[in-house]
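Participant: coords please:
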Amino acid sequence: MVAAGIEKRMAFNRIIKAYANKLRQKRGNFRASESTLKSIVKIENTTNYEFPLLTTETNNGKAIRTEEIRLSTNDDFVVTEHGLYLYGYYEAERGNEATREYFALSYVPIELGQASQLSALFNGTMEVSINNDIILKGYDTNKFNRIPHEQFNDKLNSGEALTLQPTIDFTKLISIEPNLNLSGAKTNKIKITLPKVIQPFNYQRIYTQNDQIVIDSIMYVARGILIQNVASFQK
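Facilitator: Numbers count the residues shown, from 1 in each chain. The predicted structure is shown next:
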């Protein structure tokens, strides 16, 4: 853990130095810190999805969700790790009040039965382009598939034992993340193409008649270094 912490600090310092050199002749201050980007899109009748990243972009025609974290048009973001998740919620009705808890899945539990078709999310490809220049091409989404050696107890069919699933080790052949430098002043497009259409999943009456699990979205998360007040220099 110490080595990883040192490595992250060294990477952070290199990024700061690169921006300081680049902006030496420019006026204005910039700030850098570890941060996150988050974009969520609805599962629809298509095999192609695009994840909007900027604060000025709608969510494919819909309002930006409160859970999302977008990039300002005046900032840059250097990606150090990223991932794709199935996104949904558990809703329970207690009396006259309904509570909703959101969750993300990095794999498809076989306990969900018919929802196994959602695993196509992890059998697609990703493409990233910045100002129409393709930065990342043919990147398999199976790299984001993270199956635990032992899943949680079967909540949908109580009484069954722990379910085992194989861990696909070849997803970790290369320990490297893509070199993505996103800019709020540019057009950033993150797209995935799936081998087949997936459908939202809804399972009702888990514990009581009005409980339900709904998986209806896909979430893209990027973690890295946010550099504020610099993107305008890249126009």
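Participant: in the longest strand seen in the chain, what's buried?
Facilitator: Identified as the longest strand of the chain according to DSSP state E is strand 76-94. Buried residues in strand 76-94, counted by 16 or more other C-beta atoms under 10 Å: 76-80, 82-88, 90-91. Any C-beta I mention is one placed from the backbone N, CA and C, and that applies to glycine too.
Participant: which stretches of the protein form strands?
Facilitator: Under DSSP E, the chain gives strands at 31-42, 48-50, 76-94, 97-105, 125-130, 133-140, 181-183, 188-193, 201-204, 212-228.
Participant: now those strands as JSON lines including distance to Asn21 and mean pLDDT?
Facilitator: JSON lines is the format used below for these (distance: least, C-beta to C-beta, whole Å; pLDDT from 0 to 100):
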{"stretch": "strand 31-42", "distance to Asn21": "14", "mean pLDDT": "92"}
{"stretch": "strand 48-50", "distance to Asn21": "33", "mean pLDDT": "97"}
{"stretch": "strand 76-94", "distance to Asn21": "14", "mean pLDDT": "88"}
{"stretch": "strand 97-105", "distance to Asn21": "38", "mean pLDDT": "84"}
{"stretch": "strand 125-130", "distance to Asn21": "21", "mean pLDDT": "95"}
{"stretch": "strand 133-140", "distance to Asn21": "22", "mean pLDDT": "92"}
{"stretch": "strand 181-183", "distance to Asn21": "15", "mean pLDDT": "90"}
{"stretch": "strand 188-193", "distance to Asn21": "23", "mean pLDDT": "96"}
{"stretch": "strand 201-204", "distance to Asn21": "49", "mean pLDDT": "84"}
{"stretch": "strand 212-228", "distance to Asn21": "13", "mean pLDDT": "92"}
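Participant: out of these, flag the one nearest Lys62.
Facilitator: Distance to Lys62, taken as C-beta to C-beta, is lowest for strand 31-42 among the strands of the chain, at 7.6 Å.
Participant: the closest one: which residues count as buried?
Facilitator: By neighbour count on 16+ other C-beta under 10 Å, the buried set for strand 31-42 is 32, 35, 37-41.
Participant: residues making contact with that strand?
Facilitator: Here strand 31-42 makes contact (C-beta atoms under 8 Å, 6 or more residues apart in numbering) with 12, 15-16, 19, 49-53, 59-60, 62, 65, 67-71, 77, 87, 182, 190, 216-229.
Participant: for PyMOL, write the selection for the buried entries among those residues.
Facilitator: Of these, the buried ones go into a single PyMOL selection, burial set by 16+ other C-beta under 10 Å:
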select buried, resi 12+15+19+49+51+52+53+59+65+68+69+70+71+77+87+182+190+217+218+219+220+221+222+223+224+225+226+227+228
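Participant: how about JSON lines for the strands of the chain, with distance to Gln114 added?
Facilitator: JSON lines is the format used below for the strands of the chain (distance: least, C-beta to C-beta, whole Å):
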{"stretch": "strand 31-42", "distance to Gln114": "19"}
{"stretch": "strand 48-50", "distance to Gln114": "21"}
{"stretch": "strand 76-94", "distance to Gln114": "14"}
{"stretch": "strand 97-105", "distance to Gln114": "15"}
{"stretch": "strand 125-130", "distance to Gln114": "25"}
{"stretch": "strand 133-140", "distance to Gln114": "25"}
{"stretch": "strand 181-183", "distance to Gln114": "36"}
{"stretch": "strand 188-193", "distance to Gln114": "22"}
{"stretch": "strand 201-204", "distance to Gln114": "7"}
{"stretch": "strand 212-228", "distance to Gln114": "11"}
